[in-house]
Structures are given as structure tokens and as C-alpha cells.
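Show me how the following folds:
(chains A, B and C)
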Amino acid sequence: MSDLLIVDHLSRHFTNTGLFQKRQVFHAVSDVSFSLARGQILGVVGESGCGKSTLARLVLRLIQPSKGAVEFDGLDMATLSRGDLRRLRQRMQLVFQDPYSAIDPRYRVRDALLEPFKVQGVKLKSADATVASLLEMVGLSPALTHSYPHQLSGGQKQRVGIARALALNPSLVVLDEPTASLDVSVQAQIIALLNRLRESLGLTYLFISHDLGLVRYFCDKILVMYLGRIVEIMPNDAVPTHPYTRALLDSTFEPDPRQRRTITRLSGEIPSGYNPPPGCAFATRCPRVSDLCRTNLPALETISDHHQTACHHPLMNEMKSEVLQQVNTHESAVP
Amino acid sequence: MLLTVEGLEVGFGAFSPVDDVAFSIDRGEILGIVGESGSGKSLTAIAIMGLLSRIGGRIVAGRICFDGIELAGLPEAKLRRLRGGRIALITQNPMTSLDGMMRVGPQIDQAARLHLGLDRRAARARSLELMADLRIPDPARVYDLYPHQLSGGMKQRIVIAMALAGDPELLVADEPTTALDVTVQAQIVQILVELVKRRGLAMILITHDMGVVAQTCDRVAVMYCGRVIERAQVNAIFEDPRHPYTQALIRCIPRRDMTRGSMQPIPGMVPNVANQPAGCRFNPRCPRVADICHTEIPGLRVSAGDHGVACLRADAA
Amino acid sequence: MRAVRAMPMLKAIASVKGSIAGLYLLFLIGGALFAPWLSPYPYDQQDLTIMNQPPSLTHLMGTDEFGRDVLSRMITGARTSLSVSVTAIGVSVLSGLILGAACGYFGGAFDRVVMIGVDLTWSFPEILIALMLVAIIGPGLQGVVLAIAIAYLAQFTRLTRTQVMVLKGETFVEATVNLGAGHTHILFAHLLPNALAPVLVAAMLATGDAIILEATLGFFGLGAQPPTPSWGAMMSSGTAQLFIAPWVILLPGLAVALTVIFLNLFGDAIITALDIRTKLREA
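Sure thing, here's the model as predicted:
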């Protein structure tokens, strides 16, 4: 299994200068490293403002990193010429969160689906056949060929978005919260579709979401971000050791009224990315905080195989058994 | 019962996006109304608040009975006295329900001054008390801030405080946490549940999230295409769902014990208001569909344990 | 739900307003196009025996101080007024689109320099620009066309630039970049087509203003040179006979006013009817 994507110490900050303002630097993504093997699904989880969408765009080089490197299929993207990068784009695609604005309102479905070929200068034997097969691939009726985006439902638009992303046969697809603005039943359809496409086309996914429950269900590996940094990388079935991951997990509502939980209350506010604290960014809200956390930034340390956490006081054995127990009772409770 | 809704039909022009909806709720209870977009759940809330005329709708048939008062057809002046007072609404998006040009404190005061007749000082004291009650840190400082200076979770707490200021008996919460981050969402939900239990309020929680329902509600009404298709105690809904739509909806949610690919989506899509199928509105997507489903509209049949199902083939599986 | 109720009514008003205005404009353009055939008399035929006659069956709009038929001059004047303002606005829109799109899309120093230049033209009154140009080129229609084009350049450049800047941030543009599209494709396939609708509506409204401006310049004797009639020039020569033959000045004035009103109404109707993105939001 070779790595399709290697991200190495990637950082991006934005500088904000106004006429009468002090120069401010916003740290969107700081020192992020990970690798993604071919055929795998890596989930990136975090709340709004944690830098997950910026990370997606950095990986695709839609924005330039301030520091660090992205290696795609053995190619260092920083060394590519503009033309090479444009050609490479057909191998890495993006599916957007908001299907309502991801398609030009003036484009019919057919035009939207043919645009990738036009842009990349790919000659098609039959445009009609291509459109028909793309529609079929994502489970849309050919009757929609000449519809405008505003005539489609959210789920249909997202399917068009997926078809467009897959038109050029990419290897890597970055999914930026593809189901966040959809109903649950539509979300289930889209996730099932993405899973089927991954299996049949051998795709590799970088799946960005705020929903840890969904990520645990869909992804092989989970990367948790907080204020631009990775706080934990773990296999999807691992028990979280970082207090933030734990809080995220506790905040997901299990659809089981017998498993009502009281929530680990996170007090305190999320610090601003303009002025990140010197220590752990989660220190302001963490129930396990100590003086060390406020001054020293915890490094990402390996806990077990494929499991790394950035915490001075990770939830290890004592807590772990409790969580495991909960998971077990839960499993037995489900018929 | 504090609120009883019977045979409610909401009309927009020639369409009835809400049809034959019935449920009731008592003090100290949380009733979840679950459904996807187009299910009519928000319109039901708007109908209860008496705000339909503002968006061009009307109550075509049915009763909305609040503590002995018939709300359907009540003159606007009387409705206005109830709204924000005895019945309060918590909206989905705290960004739009707050006035950006006004400090948040006085926005909370409004309802108390309007409905309880308090003067400025008394209203302020009451607002500060409410803010502390909602675990807003340093209420006296936050009172004088503008909405843009607050985080999303804080803003939603202010919105809840605004709703509570008029001392309501019934809270209608329309997707109160959808616009928030997950950790904040969990806090807000917990605050709402505590509030209802402690103050003996009644709350109608409108949501699309079966997880939120499972964690908070006492009873649940599931809506599909403008109708209540199942209504029961929360445990019964999750352990013994009888309508095929409810069953399918529960299977759509990823749970911890699920492996990839085990989630079973519902085929097809929600039909348009203008294009409802004849008979049972779920028939094009139903795994249990029979001939009768295309001709007859199923009513809600209530069996033991107050478990109502609107399915002609409920006993078939 | 609101859209379901409100849309048909809006559409009806828009179409009533739009169709009346459209009909008038069609009538006007037809008149201008076929002026030589429609005019009952040659516009420059003088007959001093019938000076300053009020409207009658033989001269529906009366005659002027040289005994020329006012109706014929009005029809031919429409030709001058319309062609001058439409050409000027056309030139202005085209240059505005190119400049605005380039500024909005590429930004940076180029944008700043161009916008300073464009804003400079905005800080002078239109009349002043026209006077300066006429002083340079000499009186005649070319000067007027150029003056009007420059006077409106800032408006269209700014509008296009803002549109492009907003559209540049839209997700569908990012999606296209991600497909590997270059600047040309993004500009011509997405940004300009989406920016076009508001610019065209603004152009429609500006054409009304341009007719007034042309008339004003004509009134000052800067535009069409006699005997070529334009509505402005006709009003100018009519001032002398204001109390003897008021129709000579009033009728061209009325034509200017009506044309401007109907152009504005038509622009309004187009705003409501054509803007796909507003419709999308309402739906």
C-alpha cells in the first residue's frame, strides 16, 4: 500500500492589514502532517474555524501554503509549473459542502458535466453518451440532463457535483462536508453512493466533516483538528485519548433513548486564531488542564500503532476502560 | 393537556403542506416533531405561533387549543398578547433573530416589559437572572455587548433568554441547535432540557435529527409530507418503530456499532408539495407498499401505550 | 412558500409595465429606422409662408420658425438622439466590461491604477467633459458620442468590477479553478455571463440619461449641426418662439421625457424578469 498523499508540516497564515488596523496574522493551519494511503478514507473532524476547509484547499493547492509541502503521488506540488498543476487537477478533485452554489446557476446539468472535459481539452467521442453515463453513475435520471440547478433538489445537486468531480477520473477526491447541508435520509444516500463509487473506481477520499459519528462510520483513519492544529490521529475504531476528541464524541447524539448521557461540559471560549495561546489551544476549555498545558505546546506523540495524540494528559488506561465499557454495553443494547 | 392540536390543515394557495396533524403536549414534557425538509414541521410551529398570515398561509381546518383558548381564528391582537408571553419561539438561527444594532441585554428585556409590565430596572434584573440561569458567564458584562461580540453558542443562549423573558408556559423550539457547532449544540440541548424539567415548561422541539430526539424528548411525532405518520413515547419510536418511514429514518443515522456500508438509505426522494402521490404519500419509497396504499389515505390509528401509526400495512411486517 | 404567492403578481406587474414600455420603445426604434419613409415631409424643407403654424391636419405637430414640419423633424431627430446615445452607451459598456472585469479579476496594482483613472472621469460633470472634448475635437456627433461614453465609463467599470469581485468568491468559480481552468475560461464562461445581466440593465437606464445628455449638448449647440435635427437642437431653436409656437419646444421635450421614462420602466421590468440569480433565491 503506497501513500497517494503526503502532507508535511503544512502551515498557512493569513495576514490582515487595514488602513488603521494593526497588522494581524491569522493562523488557519499550523504544522499539519499526515499521509493518506491509496484507497483509504481519511476523515478530518473539527468545529467551525478549526482550519479543516483551509487544509482541504491547501492539499489541492487552491491556496498556497506559507510553510510545508504537499506530495501527491510522488510529485512535490510546489515544484510544478502552472500548466502542470492545471493538468494535475484532473487527478485530484473537490466536492463542495454547499451544492446550491457549487454549480453556475446559468449552467444546465449537461453543461456542468461537460465543463471538466472542455477545461482540460479532452475530446469526447460522444458528449451525449458521456453525460448519460455520468448521470447513471451517480444515480440520476437522464431526464435531468437539461435542467438548471435551481430546478434540482439538494441531493440531486450534490450528485451532479460528485459526477462533475469524477468526470475526469481522479485518484483523490476531497469531500468538504458533502452532506452538511442535506437532510439525514439524503445524507445516507450520498454516503452510500460515495462508498459504492470508492469501491468501484478505487478512489481515495479526504473526508472533511464536523460530525464525528459520521466520520467514525465512513472513514478508516480520523484526524481531529482544533484551532488549526492536529490534536489526534487515530484509526476509526480506536478509543480517543485527547480530551477534545472525547468531548466531540460525547457531544454526538446517539439515536438511542436508553443511552442518554450527561455531556462533559466544556466551559470557556475557543481562543481566536489571531492570537493563539503559547500552550495547548484547548487549555481554555479542557477539564484536565494543568499549568504545563498553558505554557507548553504538546507535541503529537505516538500512543500505539497509527494512533497519535497531542496532549500532556491523555486519557489513558483509567478512562479508556470506562469508555470501552460504555461502548460494550452500548453494543449489547442494540438488537 | 396544555396544548392540543387536532386535524390541523395549513393552506398556501391551492396546496396544503400540512394536513390532518394532531398531537398534544402537557407541562413538563418535551415533544419532538421530527421530519425532513418539506415535512411541514416548521409550518406546524408557525401555525401554533399564529404567524402563518405573515408568510401568506392560513389555517384551513382543525383546532389548536392552548390552555382552553382556541388559537385558530383568534384575532391578531389577542394572539400578540400570547406570543412572546405565554407561548415563546426559539428560532434556528441566532444570527438573524437578534438585532445587530442593539445591545443584547435590552433585547432580552423587551418581552418582560411588554408581557409582564416590568419597568426598565426590574426587567434588567430579571434578564440578568435569566442569563445567569442559562450559564452565561459574567451576565452584567454580556448584557451590554452587541450580538457580533458574542460566539454562536452565546447568541443562542441570548435567544433562549429572550424567549424565557416573557415567562412562557409553552416553548416552541424550531431547530434550535442546527446552526451551531457540535460541542455547543450539546450544551444548548442540555440547557433546554434542564429548563423544561426545572420550570415545568412544555416544549415542542422541532428537529430533523433523530439523535437529538433520542437524547431529549419524552414523546415523538414523526412527520412526512405534511402528515404525522407515527406518534409514540420516545422509547417506542426507537425500539418498536412501526411505520416503514420511521424505521428507514432510524437506519439512516450512523451509530457507533455500524460498519461502513451497513447504513441503509431510503430510496427515492421527498415528493414536491404540488406533486403528492395519491393514497399514502410514502408509497413510492415504501418497501411494504401494496395496492391499497395507492388508493387509500391512512389515518393515524392509535393502539396501546398511545402509539399511533398511519400505515395501512403496519401489521404486514 | 412566499415565492409561490408573490411571484405571479410580481410577474404580472412586470410584464404589464414591461410590455407597455417595450411597445413604446419598439415604436420609437421603428420610427428612427424608417425615418425617411415615415416622415410626411423632408425634415429640411423650408417654407417661410407657413412659419410657426400650430398643429393641424396637414402638419400634425405644426411647423417651426422656418416653416419646417415638426413631426418630420421629430422622427429624424429620434434617429439622431437614439443612435448617438445607443452608440455612446454601447462603447461605454464594452470598455467598462473589459476594464472592470480585468480590474476585478486580477486586482493588484493594475486595478488601482485603472480605477484611479476611471474615478477621475467620474469627478467631472458630464457637461464639462463634453465641453472639453468638443473644444478638442470640434463640434459634431463624434465628440458627443465620445463625451457620453466617457461620462458613463466609470459607472460600468465600477459595476462590472464589483460584480466580478463578488462572483470570484463564489463556490462555482472555485470549483472551476479546481477543474484546472485558466483565466480565460473562468472570465468568459462564468464571470462575465453572470455579471452581464446587471450591467445590461444599468446600460438600459443609462441610455435614458444619455438621451437627456445628448439633448442638453444639442441644446448648447454642441451636438448635431443644423440642419440635422436632434431633439435637443430642436428645443434649443424653439426657445426663441416659446410664446409664439410652444409646440416647437414642448413636443421634443415630451419625446425626451417619455423615452427616458419608458427606458427606465423597461429596465425595471428586465430586472425583475431576467435576473436568474434573484429567481433562484426566491425559489
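
okay but residue C:18 is in contact with residue C:264, surely?
No. Using CB atoms under 8 Å, residue C:18 is not in contact with residue C:264; the gap is 11.5 Å. Any C-beta I mention is one placed from the backbone N, CA and C, and that applies to glycine too.

between these two, which one's more packed in?
Neighbour totals were compared for residue C:18 and residue C:264, and residue C:18 leads with 20 against 16 (other CB atoms under 10 Å in any protein chain shown).

which SS class is that one?
Each residue gets one of three states, and residue C:18 gets helix by DSSP: H, G, I helix; E, B strand; the rest coil.

Distance check, it against chain A.
Counting by CB to the nearest CB, to the nearest Å, the gap from residue C:18 to chain A is 21 Å.

What count of nearby residues applies to the closest residue to that residue other than its chain neighbours?
Take residue C:18 and drop its neighbours on the chain: the residue closest to it by CB to CB, 6 or more residues apart in numbering or on different chains is residue C:269, 2.9 Å away. By the criterion of other CB under 10 Å, residue C:269 has 23 neighbours.

now residue C:269: how far from residue B:78?
43 Å (CB to CB, to the nearest Å).

just residue A:192 next, same as before
50 Å.

from what I can see residue C:202 touches residue C:155, true?
Yes. Using CB under 8 Å, residue C:202 is in contact with residue C:155, at 6.7 Å.

Could you list the buried residues of the helix or strand containing residue B:5?
Assigned by DSSP states H and E, residue B:5 belongs to strand B:3-12. Judged by neighbour count (16 or more other CB atoms under 10 Å in any protein chain shown), strand B:3-12 contains these buried residues: B:3-5, B:8-12.

and the least confident of those residues?
In terms of pLDDT, the lowest of the buried residues of strand B:3-12 is residue B:12, showing 88.

Surely that residue is in contact with residue B:56?
Yes. The criterion here is CB under 8 Å, and residue B:12 meets it with residue B:56 at 6.4 Å.

Which residue is it, in the stretch 101-250 of chain B, that comes closest to chain A?
Distance from chain A to each residue of the stretch 101-250 of chain B (CB to the nearest CB) is smallest for residue B:211, at 3.0 Å.

That residue: how many residues sit nearby?
Neighbours of residue B:211 under the rule other CB under 10 Å: 20.

ok, now residue A:295?
Neighbours of residue A:295 under the rule other CB under 10 Å: 12.

Contact partners for the nearest residue to it once chain neighbours are set aside?
Leaving out its chain neighbours, the residue that sits closest to residue A:295 by CB to CB, 6+ apart is residue A:279, at 4.9 Å. Listed by CB atoms under 8 Å, 6 or more residues apart in numbering or on different chains, the contact partners of residue A:279 are A:292-298.

where's residue A:279, which helix or strand?
With DSSP H and E as the test, residue A:279 turns up in no helix or strand.

I'd like the distance between it and residue C:271.
According to CB to CB, residue A:279 and residue C:271 sit 55 Å apart.

again with residue A:78
47 Å.

low-scoring pLDDT stretches of chain C, where are they?
Applying pLDDT under 70 to chain C flags residues C:1-15, C:272-283.

burial count for residue B:208?
20.

can you list contacts of stretch B:52-67?
The set of residues external to stretch B:52-67 that reach it, using CB under 8 Å, 6+ apart, is B:2-12, B:16, B:20-22, B:43, B:46-48, B:70-73, B:76, B:82, B:86-87, B:169-170, C:1-2, C:4-6.

ranges for the strands of the stretch 1-150 of chain B?
B:3-12, B:15-25, B:30-34, B:58-66, B:69-70, B:87-90 (DSSP state E, counting those that start in this stretch).

could the ones you listed go into a markdown table alongside distance to residue B:215?
Output for the strands of the stretch 1-150 of chain B, formatted as a markdown table (distance: least, CB to CB, whole Å):
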| stretch | distance to residue B:215 |
| --- | --- |
| strand B:3-12 | 23 |
| strand B:15-25 | 18 |
| strand B:30-34 | 10 |
| strand B:58-66 | 27 |
| strand B:69-70 | 32 |
| strand B:87-90 | 17 |
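
Looking at these, which is nearest to residue C:54?
strand B:3-12 (59.2 Å; CB to CB).

Residues touching the closest one, excluding its own?
B:16-25, B:40, B:43-44, B:47-48, B:52, B:56-67, B:72, B:170, B:202, B:204, B:226, B:273, C:1, C:4-5.

Same question for stretch A:93-103.
Residues outside stretch A:93-103 that contact it (CB under 8 Å, 6+ apart) are A:56, A:60, A:62, A:112, A:149, A:154, A:157-158, A:160-162, A:164-166, A:168, A:170, A:172-178, A:180-182, C:170-172, C:174-175, C:178-179.

Pull out the buried members of those residues.
Buried among the contacts of stretch A:93-103 (16+ other CB under 10 Å): A:56, A:60, A:62, A:112, A:149, A:154, A:157-158, A:160-162, A:164-166, A:168, A:170, A:172-178, A:181-182, C:170-172, C:174-175, C:178-179.

Tell me which entries of these lie within helices.
If you go by DSSP state H, the buried ones among the contacts of stretch A:93-103 have A:56, A:112, A:154, A:157-158, A:160-162, A:164-166, C:171-172, C:174-175, C:178 in helices.

still on that earlier bit, next one: phi and psi at the residue nearest to residue A:295?
Main-chain dihedrals, residue A:279, degrees, to the nearest 10: phi -90, psi -140.

Quick check: residue A:233 is in a helix.
No. Counting by three-state DSSP, one finds residue A:233 to be strand, located in no helix.

Distance check, it against chain B.
19 Å.

how deep is that residue tucked in, by neighbour count?
23.

Please apply the same query to residue C:144.
When counting by other CB under 10 Å, one arrives at 29 neighbours for residue C:144.

Now do the buried residues in the helix or strand hosting it.
Using DSSP H and E, residue C:144 sits in helix C:141-168. For helix C:141-168, burial by neighbour count (16+ other CB under 10 Å) applies to C:141, C:143-161, C:163-165, C:167-168.

Considering only the ones in helices among the buried ones among the contacts of stretch A:93-103, which also neighbour chain B?
Restricting these to those within reach of chain B (CB under 8 Å from any CB of the partner chain) leaves residue A:154.

could you list every residue that touches residue A:303?
A:241, A:309, A:314, A:316.

Could you list which residues are in contact with residue A:245?
With CB under 8 Å, 6+ apart, residue A:245 has these contacts: A:212, A:224, A:231-232, A:234.

where along the stretch 201-317 of chain B do the helices fall?
For the stretch 201-317 of chain B, the helices defined by DSSP state H, counting those that start in this stretch cover B:210-216, B:234-239, B:244-251, B:292-295.

ok, the third one near chain A or not?
Yes. Applying CB under 8 Å from any CB, one finds helix B:244-251 in contact with chain A at B:248-251.

can you put those residues in JSON lines and add distance to residue A:275, neighbour count and pLDDT?
Formatted as JSON lines, the residues of helix B:244-251 next to chain A follow (distance: CB to CB, whole Å; neighbours: other CB atoms under 10 Å in any protein chain shown; pLDDT from 0 to 100):
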{"residue": "B:248", "distance to residue A:275": "48", "neighbour count": "20", "pLDDT": "91"}
{"residue": "B:249", "distance to residue A:275": "44", "neighbour count": "26", "pLDDT": "90"}
{"residue": "B:250", "distance to residue A:275": "44", "neighbour count": "19", "pLDDT": "89"}
{"residue": "B:251", "distance to residue A:275": "45", "neighbour count": "18", "pLDDT": "87"}
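
Looking at these, spot the one nearest residue C:214.
residue B:249 (66.5 Å).

Touching, that closest one and residue B:263? I think so.
No. Taking CB under 8 Å as the definition, residue B:249 is not a contact partner of residue B:263, at 11.7 Å.

which residue sits closest to the residue of the stretch 101-250 of chain B closest to chain A, ignoring its sequence neighbours?
Nearest to residue B:211 is residue A:253, by CB to CB, 6+ apart, at 3.0 Å.

and if you look at residue B:130?
residue B:161 is the one closest to residue B:130 (CB to CB, 6+ apart), at 4.6 Å.

ok, that neighbour - contacts?
So residue B:161 contacts B:108, B:127, B:130-131, B:134, B:136 (CB under 8 Å, 6+ apart).
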